[in-house]
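*Asks:* coords please:
(2 chains)
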Amino acid sequence: MELNAILDVGIAVLGGAVRVGTPFLFVSLAECLTEKSGRINLGLEGVLVLAAMAGFAGSYLSGSPWVGVLAAGASGALLALLHGLLCSLPRVSDVATGIALMLFGAGLAFFLGKPLIQPQAPQVPALALGGWSSSPAVQSALAINALFPIGVALAGLLHWGLANTRWGLIVRMVGDSADAARALGYSVNGVRIAATTAGGFIAGLGGASLSLFYPGSWNEGLSSGQGLIAVALVIFARWRPLACLGAALLFGGAGALGPALQSVGVTGGYYLFNAVPYALTLLILVLTCSPNRSLKGAPAELGVQR
Amino acid sequence: MPGARAWQDPVEAVALPVLALAGALLAFGVFVWFAGASPLDAWALLFKGAFGDAFSWQNTLQRAAPLMLTALAVALPAQAGLTVIGGEGALVLGALACAALPYALPGLQGMAGAVLMLVVAAAAGAVWVALAGWLRQQRGVNETISSLLLGYIAIALFKHFVEGPLRDPASLNKPSTRPVAESLRIGGIPWGGAVTDVHWGLVIGVVLCLVAGVWLSFTASGFALRVVGGNVRAARLVGLPTLGLILTACALGGAGAGLAGGIEVLAVHTSANASLIAGLGYTGILVSFVARHNPWAIPPVAVLFGGFGAAGSLLQRRLDLPDASVLVLQGFAFVLILAAEAGRGRLLAARAPKPVVAPPPPADPNAPPPPIHASAVAN
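*Replies:* Residues are numbered from 1 along each chain as shown, chains lettered A, B, ... in the order given. Got it, this is the predicted structure:
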């Protein structure tokens, strides 16, 4: 490939890192918060799809994309609340509940979203950071989702909050030692339900980004495993919110590789390039997990690795 | 006491899922009511579309056949203690391997050829799920996440090959592989003088579930597997080969799902194309959970869920509900089945008989005070 094409692909991947990475960012922050409290929520995939549909519906029915964003967050919080409540029952497995909510959320979303497939809803505005360039390719690549700065701010807030506030300490304590939390009088289930619900709201914002910015419409193939990749991202980021930001950008870039190569005319192996994020996630999991020692930074109450 | 819960446990094992499913139907009725249709109509159509007449029975059984096999892909690893949900990927790869074999061996014919194709399909599925099991044992990777990721990778591989190197030039609108030869196809089961739409894959499914049930319940290796699933530390202490058993369970489960994919190609679609990616693996997960990962219970549960799927199109036509309504019903069922687990041991609570305590003798001021025995303290 000549230099121009390589540069084009490079810029497209950079722009795609933000564009495709925004949902990853929100969902991984959501999962980070949930897992810090000691619960694993695999149902964020269903939350993502349901929130995308709710966000699209909210924006379509009200005419304002920000109402859609709020609707997405609320629906995500509700589904995650269901997860939290189910998991607080005795003998209910976190993992199985997550799988159930993955399917339930997707089913609900497809059912309620049938009338939304055709129409267009008002989109979240883009911040045109590429205005300094005269090339339309660079301009479109650097038109950043307005939700992305919110995500970055959220990452910072979570990082500061978990380390320095009383609520952060309570969440971390419940995740590291439920016995200590109980001894101090905190309700372990209550804190976990609250953390899961807050995580659901954040993941809902990621869903809004899917249907209200990129790809920008509602259809049944909108999310394919992004929620799950985000769960793996949290392990990769060792449960640190700022590292989640970096990981989300990395995986966003990997996800943008397929369409970027397609735009310069490399059409062979389209599906293989689209499989890169999943393969990368698997590779990272293999490299970072070990059967013998628990990962540094893992909340002790989390049963992710045996 | 050993016999205290002799009849309560089996009754609960059936009663809890039945209650959960009844609850799911109820919740679905409420949901349908909000969507503007009558719940009674919906329930009636669900029954009619699933079990109403010969046509719907055939539809139900046809859908149940692959579900039995994909449910095994979840149930067998679950008996070993793993939560593997990559049945969709194993099915898809099995279908691909099955449809691709004639490209490598063009002379394939007849029953022998079909058997070989099914073996290859099963092997492809077995390798894929065993990989997830291996990653968990040797590298500590959570098997739920890895099996789902492998599933997405498998679907990508499938689409790449079906639309690329293995594509049939004659299939323009819908990319698929070359149709398999007539003699290789699996036909319908004859019933009452005519050949029904229900293919022999149903028999394969039922037989394999029964074989799995026999293996787990009555053989030494099946018991060893259940020990590994119940308490892996105890299994290691006793010296059981945990890695080998877990890999065997994953491979056998994956073989089931791969076989389902091969059967779908040979009996239903006659080539590999995108219609194979129909969520059969995901419904299989639900079937296995409802059956509590017990292969004996999988065939009836699979028939039930096949019935729901068959009724879905009737709901769509008569009540104008989207076809995703069946997904919603399945979602309710899954959530309620899991919640019902919390009732285990509490639904039919056995109460141990109270210990009989003799009343204290009337106090005699001259006698010394009786020593206090722990056993005399009333409880």
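*Asks:* Show me which parts of the host helix or strand of residue B:235 are buried, residue by residue.
*Replies:* Using DSSP states H and E, residue B:235 maps to helix B:232-238. Neighbour-count burial for helix B:232-238, counted by 16 or more other C-beta atoms under 10 Å in any protein chain shown, picks out B:232, B:235. Every residue, glycine included, has its C-beta placed from N, CA and C.
*Asks:* What of stretch B:108-127?
*Replies:* Under 16+ other C-beta under 10 Å, the buried positions of stretch B:108-127 are B:108, B:113-114, B:117-127.
*Asks:* Tell me the gap between that stretch and the middle of its chain.
*Replies:* 22 Å (C-alpha atoms, centre = their mean, to the nearest Å).
*Asks:* List of residues touching that stretch?
*Replies:* B:73, B:90-91, B:93-98, B:101-102, B:105, B:180-181, B:183-186, B:250-252, B:254-263, B:265-266 (C-beta atoms under 8 Å, 6 or more residues apart in numbering or on different chains).
*Asks:* sorry, back to before: could I get the average pLDDT for the helix holding residue B:235?
*Replies:* Helix B:232-238 shows a mean pLDDT of 88.
*Asks:* about what we covered before: any of the contacts of stretch B:108-127 buried? List them.
*Replies:* So, by 16+ other C-beta under 10 Å, the buried ones in those are B:73, B:90-91, B:93-98, B:101-102, B:180-181, B:184, B:186, B:250-252, B:254-263, B:265-266.
*Asks:* At the geometric centre of chain B, which residue do we find?
*Replies:* What sits nearest the mean C-alpha location of chain B, by C-alpha atoms, centre = their mean, is residue B:71, with 2.2 Å.
*Asks:* List the contacts of it.
*Replies:* Here residue B:71 is in contact with B:87, B:284, B:285, B:287, B:288, B:291, B:298, B:301, B:302 (C-beta under 8 Å, 6+ apart).
*Asks:* Most neighbours among the residues you listed, which one?
*Replies:* residue B:87 (36 neighbours; other C-beta atoms under 10 Å in any protein chain shown).
*Asks:* for the record, mean pLDDT for the top helix by length along chain B?
*Replies:* Longest helix of chain B, by residue count under DSSP state H: helix B:110-139. Averaged across helix B:110-139, pLDDT comes to 92.
*Asks:* right, and the helix or strand after that helix?
*Replies:* Beyond helix B:110-139 toward the C-terminal end (DSSP H and E), the next one is helix B:143-163.
*Asks:* what about the strands in the chain?
*Replies:* All of this refers to chain A. Using DSSP state E, the strands found in chain A span residues A:126-128, A:143-145.
*Asks:* right idea, wrong chain: chain B
*Replies:* Going by DSSP E, chain B shows strands at B:188-191, B:194-199.
*Asks:* can I get those strands in CSV with distance to chain A and mean pLDDT?
*Replies:* Putting these into CSV (distance: least, C-beta to the nearest C-beta, whole Å; pLDDT from 0 to 100) gives the following:
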stretch, distance to chain A, mean pLDDT
strand B:188-191, 31, 80
strand B:194-199, 27, 80
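*Asks:* Packed most tightly, which of these would that be?
*Replies:* Most buried of these by mean neighbour count (mean count of other C-beta atoms under 10 Å in any protein chain shown) is strand B:194-199; its value is a mean of 16.
*Asks:* So which elements touch that strand?
*Replies:* Here strand B:194-199 touches helix B:54-79, strand B:188-191, going by 3 or more C-beta pairs under 8 Å, 6 or more residues apart in numbering or on different chains; DSSP states H and E.
*Asks:* Which of the buried residues of stretch B:108-127 sits closest to residue B:343?
*Replies:* Nearest to residue B:343 out of those is residue B:125 (C-beta to C-beta; 34.8 Å).
*Asks:* excluding its backbone neighbours, what's nearest that closest one?
*Replies:* residue B:258 (2.0 Å; C-beta to C-beta, 6 or more residues apart in numbering or on different chains).
*Asks:* contacting residues for that neighbour?
*Replies:* So residue B:258 contacts B:90, B:91, B:93, B:94, B:97, B:121, B:122, B:123, B:124, B:125, B:126, B:128 (C-beta under 8 Å, 6+ apart).
*Asks:* what are the ranges of the helices in the chain?
*Replies:* Answering for chain A, as no chain was given. Using DSSP H, helices in chain A cover A:3-36, A:44-62, A:65-87, A:94-112, A:136-141, A:147-164, A:166-176, A:178-183, A:188-212, A:226-236, A:241-263, A:270-274, A:276-288.
*Asks:* let's do chain B instead
*Replies:* Under DSSP H, chain B gives helices at B:8-34, B:39-51, B:54-79, B:87-104, B:110-139, B:143-163, B:201-218, B:220-230, B:232-238, B:242-263, B:280-290, B:298-319, B:325-340.
*Asks:* export those helices to a markdown table and tack on distance to residue A:211?
*Replies:* Below are those laid out as a markdown table (distance: least, C-beta to C-beta, whole Å):
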| stretch | distance to residue A:211 |
| --- | --- |
| helix B:8-34 | 23 |
| helix B:39-51 | 29 |
| helix B:54-79 | 30 |
| helix B:87-104 | 24 |
| helix B:110-139 | 31 |
| helix B:143-163 | 20 |
| helix B:201-218 | 39 |
| helix B:220-230 | 41 |
| helix B:232-238 | 43 |
| helix B:242-263 | 32 |
| helix B:280-290 | 22 |
| helix B:298-319 | 24 |
| helix B:325-340 | 19 |
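*Asks:* what about stretch B:7-27 and chain A, any contact?
*Replies:* No. Using C-beta under 8 Å from any C-beta of the partner chain, stretch B:7-27 stays clear of chain A, coming no nearer than 10.7 Å.
*Asks:* buried residues in that stretch?
*Replies:* Neighbour-count burial for stretch B:7-27 [16+ other C-beta under 10 Å]: B:12, B:16, B:17, B:19, B:20, B:21, B:23, B:24, B:25, B:27.
*Asks:* Kindly report the same for stretch A:80-97.
*Replies:* For stretch A:80-97, by 16+ other C-beta under 10 Å, it's A:80-88, A:92-97.
*Asks:* Also stretch B:295-305?
*Replies:* B:295, B:297, B:298, B:299, B:301, B:302, B:303, B:304, B:305.
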